[in-house]
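Undergrad: Provided below for reference: sequence and predicted model.
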Amino acid sequence: MGFKNLTMFNEAMLAKLAWRLLHDDNSLFYRVFKAHFFPTKSILEAKVSSSTSYAWKSILKGREVISKGAMWRVGDGKQIKIWGDNWLPSKSKAKVTSPLLYGQENFLVAVLINKSTRSWRNDVIAHVFEIAKVAVIKGIPLSSSNQKDKLIWPFTPLG
């Protein structure tokens, strides 16, 4: 068939299944797996237990591929962790590299957005991040309507 690396091909197919669980919440596949393996969380937060099936463990390996390459498109900022998630519009350094402030490791991007004006909180951003990242963050457009954050794949034209 011409595959150069079967391991990478297998990971790509598993990532495709995990991507479907992230974005196609109307399918029977999604409803069955959601009810059984991640009923109260997102697939991104689902855990592996010793009693889970081989299929589920394999899909979670595909989730690892997605988490390495996917990026968040900022909407309301309620799903994106400031430190740890890929959300900066740069394919090479999409994570915040500014020093992590003690006690803020789980802070969400929503704290950087003024909810009433739907604009960045420039005072907070300038205080927390290094100068180069401040310009990058301020350059991210925010929607005037309250949209949810969306996980995209930056390596294709349609995301």
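TA: Looks like it came in fine.
Undergrad: Tell me where the protein has strands.
TA: Using DSSP state E, the strands of the chain run over 71-73, 113-114, 119-120, 150-152.
Undergrad: Please identify the most buried of the ones you listed.
TA: Stretch with highest mean neighbour count among these: strand 71-73 (a mean of 20; mean count of other Cβ atoms under 10 Å). Where C-beta positions appear, they are placed from N, C-alpha and C, glycine not excepted.
Undergrad: Show me what that strand is packed against.
TA: Strand 71-73 sits against strand 150-152, with contacts defined as 3 or more Cβ pairs under 8 Å, 6 or more residues apart in numbering; DSSP states H and E.
Undergrad: strands paired with the strand it packs on, and their directions?
TA: Paired neighbours of strand 150-152 in the sheet (DSSP bridges): strand 71-73 (antiparallel).
Undergrad: Could you count how many residues lie near the closest residue to E105 other than its chain neighbours?
TA: Ranked by Cβ to Cβ, 6 or more residues apart in numbering and with sequence neighbours excluded, the top spatial neighbour of E105 is W83, at 5.8 Å. By other Cβ atoms under 10 Å, 15 other residues sit near W83.
Undergrad: Ok, the one 4 residues further on next?
TA: Counted with other Cβ under 10 Å, the burial measure for W87 works out to 23 neighbours.
Undergrad: which residues does it contact?
TA: M71, W72, V74, I80, A94, K95, V96, V109 (Cβ atoms under 8 Å, 6 or more residues apart in numbering).
Undergrad: These, buried ones only, as a ChimeraX selection?
TA: Buried members of the contacts of W87, defined by 16 or more other Cβ atoms under 10 Å, are picked up in ChimeraX with:
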select :71,72,74,80,94,96,109
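Undergrad: and the contacts of W87, which two are the farthest apart?
TA: Greatest spacing in these, by Cβ to Cβ: V74 and K95 (13.9 Å).
Undergrad: quick one: V124 from I113, how far?
TA: The spacing between V124 and I113, counted by Cβ to Cβ, to the nearest Å, is 10 Å.
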